[in-house]
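> Task: produce atomic coordinates for the following.
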Amino acid sequence: MAGLEVFYDYVCPFCYKGYGFLKELLPLYPDINVVWRLCELHPRPEPAGMHSDLCIQGLFFAMEHGVDLWEYHNRMFRAAMIDRVNIEDPVVLTGYVTDLLEPDAFLATLRSGKYEKAVSDANDYAYDWSGVWFLPAYRMGGKKLDAVGGVGVTKEQLAQFLDARDNNTLGK
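Model (predicted):
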């Protein structure tokens, strides 16, 4: 089974669009396993309209507790991109997942900062080790597909990337 690394952030409109493309295309590729690689578009202390570090910490909690990650992503994208709520508030984020996981444990974990280092490590992995410059970004079998700044990735580009997983038609 091929492993597709998907680098994205909940506050990135191009990531939200790419996430939709991936949800639509992935059923056509049952041999591809997604490895979620969240990274912050603007890590603290960098100025940003909204920091997504708590959403990402929540993802690590969700992964640890066997939650449906697609549904978790749906909720965080909804909070950040559609409802545009204060995703820097742990109570607000907890309201988006109360029926998905144990809300008191989720809230306590966000408040504790248990996954702060995991977020920092994820950022380092994306930017320092995987050569990510713009989000979303995709890696598979030594190949990469990176967004164009201010443009993102088209559905057609993503489909071509997924189709090329077994050959060397894409450059590194």
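> quick one: the strands in the protein?
All strands of the chain, identified by DSSP state E, fall at 2-8, 32-38, 137-140, 143-146.
> For Glu116, find the nearest of those strands.
Closest approach to Glu116 among those (Cβ to Cβ): strand 32-38, 13.4 Å. Quick note: C-beta positions are derived from backbone N, CA and C, even for glycine.
> low pLDDT regions in this structure?
1, 166-172 (pLDDT under 70).
> Which residue comes closest to Asp89 once chain neighbours are left out?
Leu54 (8.0 Å; Cβ to Cβ, 6 or more residues apart in numbering).
> ok, that neighbour touching Leu110?
Yes: using Cβ atoms under 8 Å, Leu54 is in contact with Leu110, at 5.4 Å.
> who touches both of these two?
Shared contacts of Leu54 and Leu110, defined by Cβ atoms under 8 Å, 6 or more residues apart in numbering, are found at 90, 93.
> The two - which one has more neighbours?
Remark: of Leu54 and Leu110, Leu54 carries more neighbours, 24 against 21, as counted by other Cβ atoms under 10 Å.
> Tell me who's in contact with the more buried one.
For Leu54, the contact set (Cβ under 8 Å, 6+ apart) comprises 87-90, 93, 110.
> try 7 Å this time
87-88, 90, 93, 110 (Cβ atoms under 7 Å, 6 or more residues apart in numbering).
> which among those end up buried?
87, 90, 93, 110 (16 or more other Cβ atoms under 10 Å).
> quick one, what contacts the last one?
With contacts taken as Cβ under 7 Å, 6+ apart, Leu110 has the following neighbours: 54, 57-58, 90, 93.
> run the last query once more with 10 Å
53-55, 57-58, 61, 89-91, 93-94 (Cβ atoms under 10 Å, 6 or more residues apart in numbering).
> Grab the nearest non-local neighbour of it.
Among residues not flanking Leu110 along the chain, Pro90 sits closest, at 3.9 Å (Cβ to Cβ, 6+ apart).
> What count of nearby residues applies to the closest residue in space to Tyr16 that isn't next to it in sequence?
Closest residue to Tyr16 apart from its sequence neighbours, by Cβ to Cβ, 6+ apart: Met81 at 4.7 Å. For Met81, the neighbour count with other Cβ under 10 Å is 17.
> Surely Met81 and Cys12 touch.
Yes: between Met81 and Cys12 there is a contact under Cβ atoms under 10 Å: 8.6 Å.
> Now list whatever residues contact both of those two.
Going by Cβ under 10 Å, 6+ apart, residues that sit against Met81 and also against Cys12 are Tyr19.
> how about Asn74, what does it touch?
By Cβ under 10 Å, 6+ apart, the contact set of Asn74 is 19, 23, 68, 96, 100.
> Fine by me, thanks again.
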